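Colleague: turn this into a model:
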Amino acid sequence: MTRTDVTEETEGPEPGGYAAARLRLLTEGERSGPPRRRALAELTDDWLAGLFGAATGGHTGVSLVAVGGYGRGELSPRSDLDLLLLHDGRDDKAVAALADRLWYPVWDLGLDLDHSVRTPQQARKTAGEDLKVHLGLLDARHLAGDLGLTSSLRTAVLADWRNQAPRRLPELRDLCAERAERQGELRFLLEPDLKEARGGLRDATALRAVAASWLADAPREGLADARRQLLDVRDALHLATGRATDRLALQEQDEVAAGLGLLDADALLRQVYEAARVISYAGDVTWREVGRVLRARSVRPRLRAMMSGRNGGKPAAERSPLAEGVVEQDGEVVLARAARPERDSVLPLRAAAAAAQAGLPLSLHAVRRLAATARPLPTPWPAEAREQLVTLLGSGRPTVQVWEALEAEGLVTRLLPDWERVRCRPQRNAVHLWTVDRHLIETAVRAAGFTRRVHRPDLLLVAALLHDIGKGWPGDHSVAGETIARDVAARIGFDRADAAVLATLVRHHLLLVDTATRRDLDDPATVRAVADAVGTERTLELLHALTEADALATGPAAWSSWRGSLVADLVKRVAGVLAGEPAAEAEAAAPTAEHERLAVEAFRTGGPVLALRAQTEPPADPARPSGPSGASSGRGSDDPGADDPAGTVPEPLGVELLIAVPDQAGVLPAVAGVLALHRLTVRTAELRSVTLPDGVDGSVLLLDWRVAAQYGSLPQAARLRADLVRALDGTLDIAGRLAERDAAHPRRRGVEPPPPRVTVAPAASRLATVIEVRAQDAPGLLFRLGRALEAAGVRVRSAHVSTLGANAVDAFYVTRGEGVPLPGEEAASVAREVEESLRG
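Modeller: Just a heads-up that it's a prediction; the model follows:
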């Protein structure tokens, strides 16, 4: 039978009538959310039942069953239809013909269909072999035909699920964990998969399956609302894209937010993250309970009898004291029987600190009891409360699960009301792996590893918790955070001096890394400015540790051994100034013998001379936790290196590239362009004029750059020199070559990046004018910048390049031809010219 024959012979409701009704339902906007999903499912039910009735002619022994998401009635606008044609096996040929009469009208409407034809025995056998099939059948719902056939299958499948739960639930747990590893955590992704990511719709369905096993149950508070919110977002996503997608792409988020009546894409992501957090936490609690029940069942009856107490023969749970009012029981931290939360305001923090120190989860019952009955803390907090908070923050990785338990029941915002603004707040910078709130906790986790490096670990840990607390407020988050940190410090019981230190740490938590990577450390004005901001050696010590903890908690692109070495160099210089040593005036370093040799050879030959020298650093301190490397630092590439976890292998810092060339125009763009053509990324760049030895009359430019290969090994110096010669004499069209490469290998374009911005950094140096550039990273960007600065008629003294994710942040120290800083108006004009060249 052909597809056309099937369509013509099918009697019953016209497909066009269903399609028109479906379109009206999805476009009129009178209903949304659960009512629309329910109405769409009912409309589809009626249409399919009509098709089934017309096709079967009243035959018995066959039924049409909705399974999976359709079985739950969760039809989004572009959801596929999960259908099972169930039959008693008496007439396979007739059943096959019936399936054709059902499936082809669905396909004719362009609907996605996931279908199967099975007997009850075949369905049970397949479910026993395929966990995903079993999960879909748990939601089986009768649509048409033999109700008894459907009901018997539902009963048998559910009985099988409960009987096989000790075997199937560990499989389901592993399946969820594998999917989470592959898809990531929904609540931390900028483009999350609403269905597959951890905390998404698949996990919510898995929790329903656990509850159906009668072995354990998920926390129900908020779970249904969280599931509904994710389904609502998926509905809006389907309508916005016209496609069956679960991926909430950046370019769709504004339209989806508007469809849901939300303010903007950030409000949308925050709502999605909140829902995912509820589902993730419910999953953690549920799987922990499943493990506990299965362990208890595995204990032999005779052993259980030996462990029995007097309470009806049940095993007596062992309770080990951890702190006042806090005990361990069955792998969880619970409240002691004598605990009185309504009288003990410190108990929530004491229980949390004890749990984190023991590396154990807080039980759901304990957290809920604390949330419901705990007495509020006075202001300022008593000393014990502050100490318990510091203990909790200093417990390392276990802090995360304990903090999330407190947050799930609203205890964190009760203790720290300012936390509400950062909770589940997305961070649009791709450098960040986490939402703001999780980043703060991750920073505390990292800082816990640095507490032996500072005199006041309590201040370090609290500063880690608060350093981004100003995000969510208008303006500079560091400025807003300074005020909040001072208030929070006073509220939790720190004295005025300590509160001032915390405020300073929050205000300047970006100072060291920004200065080290974007400023000339040989300029005394740079070092003096940092010393004035920090104030004391003890604060500098804390700020250094906070800087590293913050960067390591941000993501791989935010920290590397190269950045660490720059920050350490800056800290050493600032510490000297704070100790009373005078800031040395910046003087041109005396040329080394190699510099002089290169300069003389360049002058003698009249062309560029190159030397490559590898740079490495000694192994990292094994007592210091090492974070991920990968900070991008050239133009359009990531650092190919990665920190060695054990800290035993030196990490390449790149290659020192020395170039001597007779003084002439166009040197900077020529060198930058050649490096871009050879896919070399630039980490630092310094240019200066070298005085030749006595008896040699002439001027030579010396370029001292640190570079790294984007792919593979470094090119030979001879090849670099040959291309540089051609670039300087104009026979190598760098711009054209870069354009050809971009055309041959076009990069995928996503969201339109913000336009570049070029500014003058006021009072950054007494020796030069500092031009700061912020732009989207791209191959050849440094070449374009060098060409623009050359066109503006300025001389580049040094360049400090830095790439964070897709964002290039560069600083150029420029002077007039005679070596003096640019006047204000001239500097502003140069900045405008460079910005216009980047936008053009």
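Colleague: pick out the residue nearest the middle of the protein.
Modeller: The centre of the chain sits closest to L433, judged by Cα atoms, centre = their mean, with a distance of 2.4 Å.
Colleague: let me see the contact set for it.
Modeller: Going by Cβ atoms under 8 Å, 6 or more residues apart in numbering, L433 touches 188, 439, 554-555. C-beta coordinates here come from the backbone N, C-alpha and C atoms, glycine included.
Colleague: scan those residues and report the most crowded one.
Modeller: Counting neighbours by other Cβ atoms under 10 Å, T554 comes out on top of the contacts of L433 with 25 neighbours.
Colleague: is the residue nearest to the centre of the chain in a helix, a strand, or coil?
Modeller: Of the three states, L433 takes coil under DSSP: H, G, I helix; E, B strand; the rest coil.
Colleague: follow-up on the earlier one: most widely separated two among the contacts of L433?
Modeller: Greatest spacing in these, by Cβ to Cβ: F188 and T554 (12.4 Å).
Colleague: got the buried residues for the helix or strand A553 falls within?
Modeller: Per DSSP states H and E, A553 falls inside helix 537-554. By neighbour count on 16 or more other Cβ atoms under 10 Å, the buried set for helix 537-554 is 537, 539-554.
Colleague: ok, which stretches of the stretch 651-800 of the chain are helices?
Modeller: 667-677, 717-729, 734-744, 781-791 (DSSP state H, counting those that start in this stretch).
Colleague: can you list the weak-confidence ranges in the stretch 501-650 of the chain?
Modeller: Low-confidence segments of the stretch 501-650 of the chain (pLDDT under 70): 583-590, 614-650.
Colleague: that one: strands as residue ranges?
Modeller: Assigned by DSSP state E, counting those that start in this stretch, the stretch 501-650 of the chain shows strands spanning 609-616.
Colleague: could I get the pLDDT score of the residue nearest to the centre of the chain?
Modeller: The model reports L433 with a pLDDT of 91.
Colleague: before we move on, what about D5?
Modeller: On pLDDT, D5 comes in at 42.
Colleague: any idea how far A558 is from the residue nearest to the centre of the chain?
Modeller: According to Cβ to Cβ, to the nearest Å, L433 stands 9 Å off from A558.
Colleague: try G222
Modeller: Distance, G222 to A558, by Cβ to Cβ: 33 Å.
Colleague: who's more crowded, these two?
Modeller: Set G222 next to A558 and count neighbours by other Cβ under 10 Å: A558 wins out with 22 against 17.
Colleague: the more buried one is in contact with E548, isn't it?
Modeller: No - counting by Cβ atoms under 8 Å, E548 is not a contact partner of A558; they are 10.2 Å apart.
Colleague: state the mean pLDDT of the helix or strand that contains V809.
Modeller: In this structure, V809 sits in strand 807-815 according to DSSP H and E. Average pLDDT, strand 807-815: 86.
Colleague: I'd guessed D523 sits against S765; true?
Modeller: Yes - the pair D523 / S765 is scored as a contact, 4.8 Å apart, by Cβ under 8 Å.
Colleague: which strands or helices does the helix or strand hosting A352 pack on?
Modeller: According to DSSP H and E, A352 maps onto helix 347-358. If contacts are counted by 3 or more Cβ pairs under 8 Å, 6 or more residues apart in numbering; DSSP states H and E, helix 347-358 sits against strand 319-323, strand 326-329, strand 332-335, helix 364-373, helix 383-393, helix 398-408, helix 411-415.
Colleague: tell me what angle that helix forms with strand 319-323.
Modeller: Calculated by axes from the mean of the first three to the mean of the last three Cα atoms, to 10 degrees, helix 347-358 forms an angle of 110 degrees with strand 319-323.
Colleague: can you offset everything so residue one is 46?
Modeller: Sure, I'll start counting at 46 from here, so that last one is helix 392-403.
Colleague: helix 392-403 vs helix 443-453, what angle?
Modeller: Per the same axes, to 10 degrees, the angle that helix 392-403 makes with helix 443-453 is 150 degrees.
Colleague: off-centre distance for helix 392-403?
Modeller: Remark: helix 392-403 is offset 28 Å from the chain centroid, using Cα atoms, centre = their mean, to the nearest Å.
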